[in-house]
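Colleague: Sequence first, then the predicted structure:
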Amino acid sequence: MNEEDRLKMISNDYMSIIIEYTDRTDVIDAFKNDLVIFVDRYAVIFVPKERVPFTITDPNSYWVSPKLYGLLDTISLEEVGVDRLRTIPYLSFLGQGILLGFIDTGIDYMNPLFKNVNNTTRIVSIWDQTIENPQASEDIFYYGTEYAREQIDLALQNDSPMSIVPSKDDIGHGTTLAGLAGGSYSKANDFSGVAPSSEFVIVKLKEANPNLRDFFLVPSNVTCYSSDDIMFGLQYLVNVSKKENKPIAICIGIGTNQGDHLGLDTLSNMISSLANQVGISIVIASGNEGNSGHHYYGEIDKTTGNTVVELNVGENENDFTMELWGNTPGTYSIDITSPSGEFIPRIPARLNENRTIKFIFETTTLVINYFVVEARSGDELILMRYRNPAPGTWRFRIYGGKITSGFHIWLPIRGFITDNTKFTDSNPYTTITNPGNSFYSITTTAYDYRNDSLYINASRGYTRSNVIKPDLATPGVNVYSPLPGNTFGSATGTSIAAALLTGITVILLEWGIVRGNAEAMNSIQIRNYLIRGVDRNANLTYPNREWGYGMVNIYGTFKSLRGEL
């Protein structure tokens, strides 16, 4: 690849689209003069921003556009059965021969949690997408910089380590997750990660292209990442796993409310494909959207032929998007009443129906795009984009066609909008953030291990097609965790739970593959093994929308396999 092509991947004058090339060779041919990078069964194509099909006149334009993901946050090893397992010599699995992969905010590689006792690193490599290197290897998708173990070791021996490896975790989210999953034992802080003998592979994500941010109206001061960069990160982790010839447990602690919530989006599909491969475990946080007020579910009143939805927009709200997804075979349309009472009559549901509405008293612009048959799911999508949203109550009357089967509306995740913008009659279910709806990944919710209560903000299942998600529950409330600045304290969120569960899956990868007890181990098998050992509340029926199949207990898993050991 020449320098000109490489710069297209990071230039704000270019944008990316994602095509499944296995069945869209005609589309790939149409971009033969553009930069095309293949990842899994997808092609990521970089084209000048003025040519990107985000005019919404193309029915494929929604699903080919990368989606924007945000961080999903602001224990006790005994609780999940790890400490008890370590007391049994044969079952004392610490992650030997297993890699831990993170796609997040980076890692503080100088933290003692990621070093061996001789001050060498436990990190195999870091791909920092934010640091440009003209000599970047094609193995890391042409942009960013890869820092290998040898460079990190050299940095650790140097008085100025950042002069050799300048990669750092400015936010601390990735460092916390990595430390929980596999941090070294710290006697002074009475802390150990779940798998302290594992090694790390780290992807530090770059921030999303500002043109994509502007299209989906994500504020510039909010941390968010693009699905194509996440997909490249996934492929990088898998490539390193194959190069090292070691199984890998991957943690994904980011999510979005964009998409169909069916597990059919490009990132979720790629995750399902990888999770089905031997030696790969993928754990995803379910999200913190359960009580956010960002989801509405409704059915059309058969008497009136419509249903009224009320959205309260808070003061000083940023621009934002809203997505209405109708369940097949229903067809839906809307009318709108602004807080001042300005009425926009019913907009019919038809192909390529697009409206730009400028309200007189609110100075709000609302762009509405109809996808009567969204290309990926086959369902109807109505995409609404608010600019200068006026505060107050907005009313949408949702109309159904001859056949209706319910509809969902999602606002952006926490952090992308203010806390005061929410539906007045919101629904806490079907709030698992993508890619947590992926079929074959292991999706975990969070609970408070001190009283076995569900985390109050935890997203709840199921998927829009009633596939069981979350799969499991892991501690994620006030968990004793490594924090920025080599400190320790409490951390809460479903990504905290995902980090712990990722470390637990390392135990099964080591038992199954490294020790030869189940050499075909993949995410599906790991999920099934974990379900065998869960703890459950006798008063609940399982699986359910809040807890999935129950609370993880790795000791219980091995106890259930007693006859096989």
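Modeller: Thanks, I have the structure now. Residues are numbered from 1 along each chain as shown.

Colleague: State the helix or strand in which the residue nearest to the spatial centre of the chain lies.
Modeller: The structure's the chain has its C-alpha centroid closest to Gly255; by Cα atoms, centre = their mean the separation is 3.2 Å. Gly255 is located in strand 254-255, with elements delineated by DSSP states H and E.

Colleague: got the contact list for that strand?
Modeller: 69-72, 103-104, 225, 230, 284-285, 287, 413, 433-436, 495 (Cβ atoms under 8 Å, 6 or more residues apart in numbering). Yep, even glycine has a C-beta here, placed from its N, CA and C like the rest.

Colleague: Which SSE is immediately downstream of it?
Modeller: Taking DSSP H and E, what comes next after strand 254-255 is helix 266-275.

Colleague: List the contacts of Asn133.
Modeller: By Cβ under 8 Å, 6+ apart, the neighbours of Asn133 are Gly144, Thr145.

Colleague: quick one: it from Tyr62, how far?
Modeller: As for Asn133, its distance to Tyr62 is 34 Å (criterion: Cβ to Cβ, to the nearest Å).

Colleague: do the same with Arg355
Modeller: Distance from Arg355 to Tyr62, by Cβ to Cβ: 16 Å.

Colleague: Settle it for me: which of the two has more neighbours?
Modeller: Tyr62 (23 against 13; other Cβ atoms under 10 Å).

Colleague: How is that one assigned, secondary-structure-wise?
Modeller: Counting by DSSP: H, G, I helix; E, B strand; the rest coil, the backbone at Tyr62 sits in helix.

Colleague: What does the pLDDT read for it?
Modeller: With respect to pLDDT, Tyr62 scores 72.

Colleague: List the contacts of it.
Modeller: Ile56, Phe371, Glu374, Ala375, Arg376, Leu381, Leu383.

Colleague: May I see the PyMOL selection of the buried members of the residues you listed?
Modeller: PyMOL command restricting these to the buried ones, with burial defined by 16 or more other Cβ atoms under 10 Å:
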select buried, resi 56+371+374+376+381+383
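
Colleague: next helix or strand past the longest helix seen in the chain?
Modeller: For the chain, the helix with the greatest residue count under DSSP state H is helix 227-244. Scanning forward in sequence from helix 227-244 by DSSP H and E, the next helix or strand is strand 248-252.

Colleague: still on that earlier bit, what does the longest helix of the chain contact?
Modeller: 16, 18, 37, 39-40, 42, 44, 66-69, 99, 101, 103, 124-125, 127, 129, 139-141, 201, 203, 205-206, 208, 247-248, 250, 252, 254, 265-267, 270-271, 274, 277, 279-280.

Colleague: Tell me the buried residues in that helix?
Modeller: Applying 16+ other Cβ under 10 Å to helix 227-244 flags 227-238, 240-241 as buried.

Colleague: could you give the angle of that helix to strand 248-252?
Modeller: Angular relation of helix 227-244 and strand 248-252 on a 0 to 180 degree scale: 160 degrees, by axes from the mean of the first three to the mean of the last three Cα atoms, to 10 degrees.

Colleague: What residue spans form the domains of the protein?
Modeller: 3-69, 82-290+434-564, 296-423 (automatic domain parsing).

Colleague: Mind checking which of the contacts of strand 254-255 are in strands?
Modeller: Here DSSP state E is the test, and the contacts of strand 254-255 give Tyr69, Gly70, Leu71, Ile103, Asp104, Tyr225, Ile284, Ala285 as lying in strands.

Colleague: Identify, from the residues you listed, the entry nearest to Val479.
Modeller: Closest approach between the ones in strands among the contacts of strand 254-255 and Val479, by Cβ to Cβ: Ala285, at 13.1 Å.

Colleague: could you dump the ones in strands among the contacts of strand 254-255 to TSV with neighbour count and distance to Leu113?
Modeller: Putting the ones in strands among the contacts of strand 254-255 into TSV (neighbours: other Cβ atoms under 10 Å; distance: Cβ to Cβ, whole Å) gives the following:
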residue	neighbour count	distance to Leu113
Tyr69	28	25
Gly70	21	25
Leu71	25	20
Ile103	27	19
Asp104	28	15
Tyr225	24	24
Ile284	34	23
Ala285	36	21
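
Colleague: before we move on, the earlier item: check contacts around the residue nearest to the residue nearest to the centre of the chain when sequence neighbours are not counted.
Modeller: Of all residues not flanking Gly255 in the chain, Thr433 sits nearest, at 3.1 Å (Cβ to Cβ, 6 or more residues apart in numbering). Residues in contact with Thr433 (Cβ under 8 Å, 6+ apart) are Leu72, Gly255, Thr256, Asn257, Ala285, Ser286, Gly287, Glu289, Ile413, Ser459.

Colleague: for the chain, what spans make up the helices?
Modeller: Using DSSP H, helices in the chain cover 3-8, 25-30, 61-64, 82-86, 149-156, 173-182, 210-216, 227-244, 266-275, 494-509, 523-532, 554-560.

Colleague: Turn those into CSV, columns for distance to Gly401.
Modeller: Formatted as CSV, those follow (distance: least, Cβ to Cβ, whole Å):
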stretch, distance to Gly401
helix 3-8, 43
helix 25-30, 30
helix 61-64, 20
helix 82-86, 53
helix 149-156, 59
helix 173-182, 44
helix 210-216, 28
helix 227-244, 31
helix 266-275, 28
helix 494-509, 37
helix 523-532, 38
helix 554-560, 48
